[in-house]
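*Asks:* Give me coordinates for this.
(one chain, ligands or ions: 1)
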Amino acid sequence: MTDRRTDLARNLARVEQRIADACAAAGRDRREVTLIVVTKTYPASDVMIISELGVRHVAENRDQDAAPKAAACVDLPLAWHFVGQLQTNKVRSVIRYADAVHSVDRLKLVDALSAAVLKSDRADRELGCLVQVALDAEAGAQGSRGGIAPDAVEGIAEAIAVAPALRLDGVMTVAPLAGPYAGQPRAAFDRLAEISSLLRATHPTANMVSAGMSADLEEAVAAGATHVRVGSAVLGVRPGLG
Ligand SMILES: *Cc1c(COP(=O)(O)O)cnc(C)c1O
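*Replies:* Here you go, the predicted model:
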C-alpha cells in the first residue's frame, strides 16, 4: 500500500506542472493563477496533508461535510472557498469558515449572506463573493448546476457590491453539460472572460475568474482564469456522487 502523502504529493506535482504548462502556452505568468484544491468527500486528514505540501486554498461544496472539516483544520493556514449550491438555511454555518463563496446566484442569497456576516463575530471581515454564471440557462433563469444566466450577472453583482459585509470578488462558472457550450469548455470559459471584463468596467476590483476543474483546467487558464478548482486530479476520483 502506498502512503497517502506520497500519492497526494505526486498528484499535486502533476497538477502544478499542468498549470505551469498551461500558463506558459498562454504566455501568462504562473503567479496569475491560484490553485484551489476541492477537498469535498475527502477527510480532514487529507486537508492536513495537502496543507503541509503547500496548498493554501481549499474548496468544499456541501456545508454538512465542510463545517466539521474546516473546524478540524482551523489552525492551518488555509483559505476556504465554498463552491456548491447554497441554501439560505446553511448560510449561517458557511460564513463561519468560508473566506469566499463562489456560488452566489440570487438576490435572496446576497441578503442572507450579508445579514449573517453582520450578525456574526466576523462582521469586521468581509466575505468574498463571486457571481456564479450559468452558461446553459435561458435569460433570467437559473442553471441546472446553480448559477444565473449572463443577463442577470450585473444585477446580482451590484447587490453584492452595495451589501454591507460582502465584497464583490468576481465571477465563477462550471463548464455546462447541456446547451450550446456542452463539450466546449474553451468557448464557455471565453464567454466567462467576456462577462468578467464587462463586470470589471463597473467594478474594477472584481477581478477573480474562477473556472476550470480537473478535466479542463488548461482551457480555463488559456481563457484567462485566475482561479482553478481542482479536485479529483489531486485527491483521486470520488466514489459516487459529489
Ligand atoms: C467538485 C467540483 C470541482 C472539482 O471537480 P474535479 O473534476 O474533481 O476537479 C470544481 N468546482 C466545483 C463547483 C465542484 O463542485
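*Asks:* Which pLDDT value belongs to whatever residue of the chain ends up closest to the ligand?
*Replies:* Proximity of the chain to the ligand (Cβ to the nearest ligand atom) peaks at residue 231, 2.7 Å away. To be clear about C-beta, it is placed using only N, CA and C from the backbone, and glycine gets the same treatment. Note for residue 231: predicted pLDDT of 98.
*Asks:* ok, for it, nearest residue in space, not its chain neighbours?
*Replies:* Spatial nearest neighbour of residue 231, excluding adjacent residues (Cβ to Cβ, 6 or more residues apart in numbering): residue 38 at 3.4 Å.
*Asks:* so how far is residue 190 from that neighbour?
*Replies:* 23 Å (Cβ to Cβ, to the nearest Å).
*Asks:* Who has more neighbours out of these two?
*Replies:* residue 38 (26 against 16; other Cβ atoms under 10 Å).
*Asks:* got a list of what that one touches?
*Replies:* For residue 38, the contact set (Cβ atoms under 8 Å, 6 or more residues apart in numbering) comprises 58-61, 83, 213, 229-231, 235.
*Asks:* partner residues bridging it?
*Replies:* Note on residue 38: beta-bridge partners residue 59, judged by DSSP bridges.
*Asks:* From residue 105, how far off is it?
*Replies:* Here residue 38 is placed at a distance of 18 Å from residue 105 (Cβ to Cβ).
*Asks:* What of residue 13?
*Replies:* Distance, residue 13 to residue 105, using Cβ to Cβ: 34 Å.
*Asks:* what about those two, which has more around it?
*Replies:* Counted by other Cβ under 10 Å, residue 13 and residue 105 do not tie: residue 105 has more neighbours, with 26 against 11.
*Asks:* you'd agree that one is up against residue 146?
*Replies:* Yes - the pair residue 105 and residue 146 passes the contact test of Cβ atoms under 8 Å, sitting 5.6 Å apart.
*Asks:* Spit out the residues that contact these two alike.
*Replies:* 132, 134.
*Asks:* so what's the closest residue to residue 69 other than its chain neighbours scoring on pLDDT?
*Replies:* With Cβ to Cβ, 6+ apart as the criterion, residue 69 has its nearest non-adjacent residue at 4.7 Å, and that residue is residue 44. pLDDT, residue 44: 98.
*Asks:* Residue 240 now?
*Replies:* pLDDT, read off for residue 240, is 68.
*Asks:* Then residue 2?
*Replies:* pLDDT, residue 2: 67.
*Asks:* show me what contacts the residue nearest to residue 149 when sequence neighbours are not counted?
*Replies:* Nearest non-adjacent residue to residue 149, counting by Cβ to Cβ, 6+ apart: residue 137, 4.0 Å away. Counting by Cβ under 8 Å, 6+ apart, residue 137 touches 143-144, 147-149.
*Asks:* Next, format those residues as TSV and append distance to residue 113.
*Replies:* Listed next are the contacts of residue 137 as TSV, based on distance: Cβ to Cβ, whole Å:
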residue	distance to residue 113
143	19
144	23
147	16
148	15
149	20
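*Asks:* ranking these by neighbours, who comes first?
*Replies:* residue 147 (29 neighbours).
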